[in-house]
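**Q** Give the three-dimensional model of this entry:
(chains A and B)
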Number of protein chains: 2
Amino acid sequence: MTERDFEAYADLGATTENAMDIAETSMDRVRELVPDETLADRLRQKSVHATGDPEFQHLMRFTGADDSELVRAGARAVLDEAPIVTDITMVKSGITGRGHDCEVRKAIGNSAELAAETGMTRTAASVLELDKRGVYDGAIAVVGNAPTAALALADCIEEGTRPAVVVATPVGFVKAAESRKRLREVAAEHGVPAVTNVGRRGGSGLAAGLTNELVHVASDVRSGDVEL
Amino acid sequence: MTERDFEAYADLGATTENAMDIAETSMDRVRELVPDETLADRLRQKSVHATGDPEFQHLMRFTGADDSELVRAGARAVLDEAPIVTDITMVKSGITGRGHDCEVRKAIGNSAELAAETGMTRTAASVLELDKRGVYDGAIAVVGNAPTAALALADCIEEGTRPAVVVATPVGFVKAAESRKRLREVAAEHGVPAVTNVGRRGGSGLAAGLTNELVHVASDVRSGDVEL
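**A** Predicted coordinates:
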C-alpha cells in the first residue's frame, strides 16, 4: 500500500484510538447546538448526531411523567437485560453490540402466513405474532421503518402489552407521522414511556441511534457517572 | 387474536397486496413534489422518499457527463451482476434482495489489524483492504455511514480503482460533507459516475434507498419500460 495519512481515516463508530477522539469531537459539536441538562437532552443530542441536522432536536417528543422518564426506564431495561426488539433487520444491524447483554431481535420474518392471508404488511403481522408470544412485555420496542409496525404496536399496548419503553421513528409520506401520533397517545394513556418524533422524517438510523444512547446511559449508570 | 382492521397495517416494503397499493400511494405523493422527467429524477424522488423531506431533492449531486449518467451506469452494473459493496452492515441490510443477482457484501470487518496498527477506522481500513483485493473495480460502491470510508474510497479512485458507480451519503458533523466533496471531485476527475449529497445530512437509509432505486431502474430496463 502507498503511504497514506492514516489519521484522516479516523472517525465515528470505530474502536481505534483516533476514531474515538474524532467521535468525541463530533459529539462536542453537537453539544454546542443542543442543551446538555437533562437525560432527555442526551436523546435530543443523539437525534441531531444521527440526522446531521441541528433542527431535529425540536422534533423529538417524550411520553412520560417528565421528558427524561423514557431515558431512565430505557437505561433500567438495558441494565435488566430486557430484549431489544426492532421492526426490521436494518434497525437491528444498527444496534451496538457493546455495553449491554440484551438479546437483540427483529420482528420481521415471524408471520409470513398472517401477512399473506390478510394483506397486512409483514412487519405488522410479525409484531402481532411476537406480541402473541409475549415478546413485547418488558421489552425495548423499537420501530425505525414501518408505520404499520408502529400502529400494530400501539394496538398491542391498547390491549394490555407493556413494553419497558418504546422508540419509534418510522419515516415517510404515508402513515408515518400518524402512526407515531397514535403511539404517543396510546403510550401516554397506558403509562408506557416512549420517544418519537413529529413530522415525516425519521428512519432506521435514528431509531438505532436513540436505542444506542439508552445503552450508553446504562453504561454511565454502571460506571457511576449517572444516577437514575 | 381479536378482530383488527388489517388494511391499516398495509404499507411500504412489504410484498402483500395492500402493502404494494400503499407503497404506490407513497411514491405518488413524492412524484407530486419532485420532477419525474429524467432518470436522475428517480434518485431525487428516492432521496425524498427515504428522508421524508421534500427539500432533500435539492441536496442531491450527480457526477457524470449528465445528471442521469450515474443512473444508467448503475443500472447497467446491476444488469451485469456487479457486486454491491457497502461500508457497514446496516447499509447492507437495507439493500433489497429482489430484482438483482448481485453479490451484496460489506467492507467493515476486513481489516481489524490495519485499523489497530494505524489508528484509522475499521471501515476505512476495510475499504483499503478490499481495494487491494480488487473488489471495488467495476463494483457498485456504497458508503452510507462512515466519512473515512468515503475518503478511503476517493484515495483508491485517485490511485486507479474504477468502481462502476459510487453512491455516497455519509452523515454527520465531522468530515461527512468534506468526504463527499472530495469524492465528487475525484470521481469527476477520473470519470466515475457518483451520486452524493451536500450538507451534513445523509445516512444508511438514504444510501440503501438510492442503491435500491438503481436496482428498480435495472428491472425497468429488463421489462422494456426504460431504455438506457
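
**Q** show me where chain A has strands.
**A** Ranges of strands within chain A are A:60-63, A:84-86, A:104-106, A:140-143, A:165-168, A:194-197, based on DSSP state E.

**Q** got those as TSV, with distance to B:Met27 and mean neighbour count columns?
**A** To be clear about C-beta, it is placed using only N, CA and C from the backbone, and glycine gets the same treatment. Listed next are these as TSV, based on distance: least, CB to CB, whole Å; neighbours: other CB atoms under 10 Å in any protein chain shown:
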stretch	distance to B:Met27	mean neighbour count
strand A:60-63	27	20
strand A:84-86	25	28
strand A:104-106	25	19
strand A:140-143	21	32
strand A:165-168	23	29
strand A:194-197	22	28
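
**Q** Including distance to A:Leu39, could the ones you listed go into JSON lines?
**A** Listed next are these as JSON lines, based on distance: least, CB to CB, whole Å:
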{"stretch": "strand A:60-63", "distance to A:Leu39": "10"}
{"stretch": "strand A:84-86", "distance to A:Leu39": "19"}
{"stretch": "strand A:104-106", "distance to A:Leu39": "22"}
{"stretch": "strand A:140-143", "distance to A:Leu39": "16"}
{"stretch": "strand A:165-168", "distance to A:Leu39": "12"}
{"stretch": "strand A:194-197", "distance to A:Leu39": "11"}
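
**Q** mind putting those in TSV, distance to B:Glu24 and mean pLDDT included?
**A** Formatted as TSV, these follow (distance: least, CB to CB, whole Å; pLDDT from 0 to 100):
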stretch	distance to B:Glu24	mean pLDDT
strand A:60-63	30	98
strand A:84-86	26	98
strand A:104-106	25	97
strand A:140-143	22	98
strand A:165-168	24	98
strand A:194-197	25	98
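
**Q** Once you drop chain neighbours, what's closest to A:Leu214?
**A** A:Gly74 (3.6 Å; CB to CB, 6 or more residues apart in numbering or on different chains).

**Q** surely A:Glu158 meets A:Val186?
**A** Yes - shown here, A:Glu158 and A:Val186 form a contact pair, counting by CB atoms under 8 Å, at 5.3 Å.

**Q** Return the alpha-carbon coordinates of stretch A:198-218 using CSV.
**A** C-alpha atoms of stretch A:198-218 as CSV (Å, rounded to 0.1, in the frame of the first residue of the first chain):
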residue,chain,number,x,y,z
VAL,A,198,-43.1,14.7,14.8
GLY,A,199,-43.2,15.2,11.1
ARG,A,200,-42.4,12.9,8.2
ARG,A,201,-38.7,12.4,8.8
GLY,A,202,-37.2,9.7,10.9
GLY,A,203,-35.8,6.3,9.9
SER,A,204,-33.7,3.3,10.9
GLY,A,205,-30.5,5.2,11.7
LEU,A,206,-32.3,7.5,14.0
ALA,A,207,-34.1,4.6,15.8
ALA,A,208,-30.9,2.7,16.2
GLY,A,209,-29.0,5.8,17.4
LEU,A,210,-31.6,6.6,20.1
THR,A,211,-31.6,3.0,21.3
ASN,A,212,-27.8,3.0,21.4
GLU,A,213,-27.9,6.1,23.5
LEU,A,214,-30.1,4.3,26.1
VAL,A,215,-27.3,1.7,26.2
HIS,A,216,-24.7,4.5,26.7
VAL,A,217,-26.8,5.9,29.6
ALA,A,218,-26.9,2.5,31.1
